[in-house]
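Undergrad: show me how the following folds:
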Amino acid sequence: MSQTAFLNRQALFLRPDSTRVVVRPFRPATEPRDFKPTDKTRANHIVDRVLGLDVEIAQQQLSEVLENFEGRHRNLMTTFEKRAREMEDAFAPHIAFTTLQRQLIGAYFMHEYSFEASALFNPSIVSHPDQSGVASGSTRFILSLRAVGEGHVSSLTFRTGIVAQNGTVDIEPTARLASMPVFVPPSSASPDEPLDLTFSPEQPISERVIFPITAAQSNGIEDARFVEFEEAGRKTYYATYTAYDGRGIRSELLETRDFLSFRMTPLAGTASGNKGMALFPRKIGDQFAMIGRQDNENLYLIRSDDLHVWNGGEIILGPKYPWEFVQMGNCGSPIELDEGWLLLTHGVGPVRKYTIGAALLDKADPSRVLARSREPLVRPEPSEREGYVPNVVYTCGAMRHNDQIVLPYAICDTFSNFATIRISDLLNTLTG
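TA: Next comes the predicted model:
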């Protein structure tokens, strides 16, 4: 079956939007080498200048700030005051700030960041926890995407939509504003301490942005692979993602039940220092299971009694066909079918061309590969070859919907699109 007949590509493109901005802390550049502890910092110089303003001029400056920025962000004055409080320890002893001074000082230590100015890619999809009001046979979903802005810093953003009974996908309008969560600082200085994040229910899901918080994440939260995990009749959404600090990476786990409150936890164990881990949607036997890549070439099955500790693993898939000779990786969590576990994979071939394939794993023993793609399921079409990274199609997770697979995928690390595939057609392409 040709790729054109196999895939139902939808005319639905999610492109980066530079108008979407968050406010985040501005930190003055480091002090000169001859800086002495008794010297005033740049932060203190800024504070001194603000404190030196007449009340009328200070009020005029704050009014101008509000005129320019208030309609672009929620609770801007509260944000400014919070930022001034956060900076308190960095300021030299000073007179007590008035409310006006505190708000204006906070404004000087914030800046706007266009978090998806460069790219909106590597999506994953799960069913929405709220299916109320959805037509019979349709499914409301949540789509996560990797957004990239200035300096190639990655964050996590969301969209919601409906996939109709016939597989037609529709994305709901994106919120005008974008907001970051309130987070509770860790109780200790340990870099392995979990971090709790909370959004307000008044913020629609497409407004919520999870931006790097910890030092380990400072250059990016990359490629979240969401899965709807069920245990004892209770559903929890987990996402494995890569934390990147500009030099090294580690795998971390995001956990939520409602997409309002999240917990971020670093993963431990020998298998956690690699990219691309994807959790099975339920335990296999009495153990958690992951698909991961530990040697830059092969896919491993990893089992664990502890959701946060992953060691060892066994190779189950390696490069076999020309389109995957360079390396293989997973494209999200396995999807449970009657026939077995459907695992979407990516392969890298000549001229570093990325394509998407699949494998079918035994349901009781996923280390047994029942069948796999001889040819890619999705490859860059001529119209999909140009972008930030040419010749790449990639996904971080698909979803079963009735008799189809709904596949969001990224094009050239720049923007995202959707396709649907009939499960029977997909399985017929796999060979032993």
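Undergrad: flag the shaky bits of the protein, pLDDT-wise.
TA: For the chain, the stretches flagged by pLDDT under 70 are 1-5, 29-40, 188-189, 432.
Undergrad: again, 80 this time
TA: When residues are selected by pLDDT under 80, those of the chain lie in 1-6, 28-41, 89-90, 92, 94, 184-191, 383-384, 432.
Undergrad: which helix is the longest one in it?
TA: Using DSSP state H to define each element, the chain has its longest helix at helix 55-69.
Undergrad: for it, packing partners?
TA: When contacts are defined as 3 or more CB pairs under 8 Å, 6 or more residues apart in numbering; DSSP states H and E, helix 55-69 sits against helix 76-86, helix 99-108. Heads up, the C-betas are built off the backbone N, CA and C, glycines and all.
Undergrad: can you list contacts of the longest one?
TA: Surrounding helix 76-86, the residues in contact under the criterion CB atoms under 8 Å, 6 or more residues apart in numbering are 23, 25, 66, 69-70, 73, 97, 99, 102-107, 109-110.
Undergrad: quick revisit: buried deepest among the helices and strands packed on helix 55-69, which one?
TA: Compared across the helices and strands packed on helix 55-69, helix 99-108 shows the largest average neighbour count, a mean of 20 (mean count of other CB atoms under 10 Å).
Undergrad: okay, angle between that helix and helix 76-86 too, please.
TA: Relative orientation of helix 99-108 versus helix 76-86 (axes from the mean of the first three to the mean of the last three CA atoms, to 10 degrees): 80 degrees.
Undergrad: hmm, back to that, quick one: closest of the helices and strands packed on helix 55-69 to Glu207.
TA: helix 76-86 (14.5 Å; CB to CB).
Undergrad: quick check: domain ranges of this structure?
TA: Here the domain parsing of the chain from automatic domain parsing is 3-20+115-431, 22-29+37-113.
Undergrad: highest mean neighbour count out of those?
TA: domain 3-20+115-431 comes out most buried of the domains of the chain by mean count of other CB under 10 Å, with a mean of 18.
Undergrad: distance from it to the middle of the chain?
TA: Centre-to-centre, domain 3-20+115-431 and its host chain are 8 Å apart (CA atoms, centre = their mean, to the nearest Å).
Undergrad: for the stretch 101-250 of the chain, what spans make up the strands?
TA: Applying DSSP state E, counting those that start in this stretch to the stretch 101-250 of the chain gives strands spanning 110-114, 119-127, 139-148, 154-163, 169-171, 182-184, 195-198, 209-210, 220-231, 234-244, 249-256.
Undergrad: likewise the stretch 301-432 of the chain?
TA: 314-317, 327-330, 335-336, 341-348, 354-361, 369-373, 393-394, 399-401, 404-411, 415-422, 430-431.
Undergrad: a markdown table for those strands, including distance to Ser272?
TA: Listed next are the strands of the stretch 301-432 of the chain as a markdown table, based on distance: least, CB to CB, whole Å:
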| stretch | distance to Ser272 |
| --- | --- |
| strand 314-317 | 16 |
| strand 327-330 | 15 |
| strand 335-336 | 23 |
| strand 341-348 | 20 |
| strand 354-361 | 22 |
| strand 369-373 | 24 |
| strand 393-394 | 22 |
| strand 399-401 | 26 |
| strand 404-411 | 24 |
| strand 415-422 | 27 |
| strand 430-431 | 30 |
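Undergrad: for the ones you listed, which one sits closest to Ser304?
TA: Nearest to Ser304 among those is strand 314-317 (13.0 Å), distances taken as CB to CB.
Undergrad: leaving out sequence neighbours, find the closest residue to the most centrally placed residue in the chain.
TA: In the chain, the residue lying closest to the centroid (CA atoms, centre = their mean) is Leu156, at 3.5 Å. Closest residue to Leu156 apart from its sequence neighbours, by CB to CB, 6 or more residues apart in numbering: Ile210 at 4.1 Å.
Undergrad: touching, the one you found and Val182? I think so.
TA: No: counting by CB atoms under 8 Å, Ile210 does not reach Val182; the two are 11.9 Å apart.
Undergrad: what sits up against stretch 263-274?
TA: With CB under 8 Å, 6+ apart, stretch 263-274 has contacts from 191-192, 194-197, 213-214, 216, 240, 243, 249-256, 277, 290, 292-294, 300, 302, 304, 308-313.
Undergrad: hmm, back to that, Gly233: which of the strands of the stretch 301-432 of the chain is closest?
TA: Closest approach to Gly233 among the strands of the stretch 301-432 of the chain is made by strand 335-336 (16.0 Å; CB to CB).
Undergrad: what pairs with the closest one, and is each one parallel or antiparallel?
TA: Applying DSSP bridges to the sheet, strand 335-336 is found paired with strand 341-348 (antiparallel).
Undergrad: relative to strand 354-361, how tilted is the strand it pairs with?
TA: Orientation of strand 341-348 against strand 354-361 (the same axes, to 10 degrees) gives an angle of 150 degrees.
Undergrad: can you show me the CA trace of strand 341-348 as CSV?
TA: The C-alpha coordinates for strand 341-348 follow below in CSV (Å, rounded to 0.1, in the frame of the first residue of the first chain):
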residue,chain,number,x,y,z
TRP,A,341,1.5,-3.6,21.9
LEU,A,342,1.8,-1.2,19.0
LEU,A,343,5.1,0.6,19.4
LEU,A,344,5.8,3.5,17.0
THR,A,345,9.5,3.9,16.3
HIS,A,346,11.7,6.3,14.5
GLY,A,347,14.6,5.4,12.2
VAL,A,348,17.5,7.5,11.0
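Undergrad: got the angle between that strand and strand 369-373?
TA: 40 degrees.
Undergrad: what sits against the closest residue in space to Arg400 that isn't next to it in sequence?
TA: Among residues not flanking Arg400 along the chain, Ile335 sits closest, at 5.3 Å (CB to CB, 6+ apart). Contacts for Ile335 were tallied using CB under 8 Å, 6+ apart; they are Pro281, Trp341, Leu342, Leu343, Leu344, Ala398, Met399, Arg400, Ile405.
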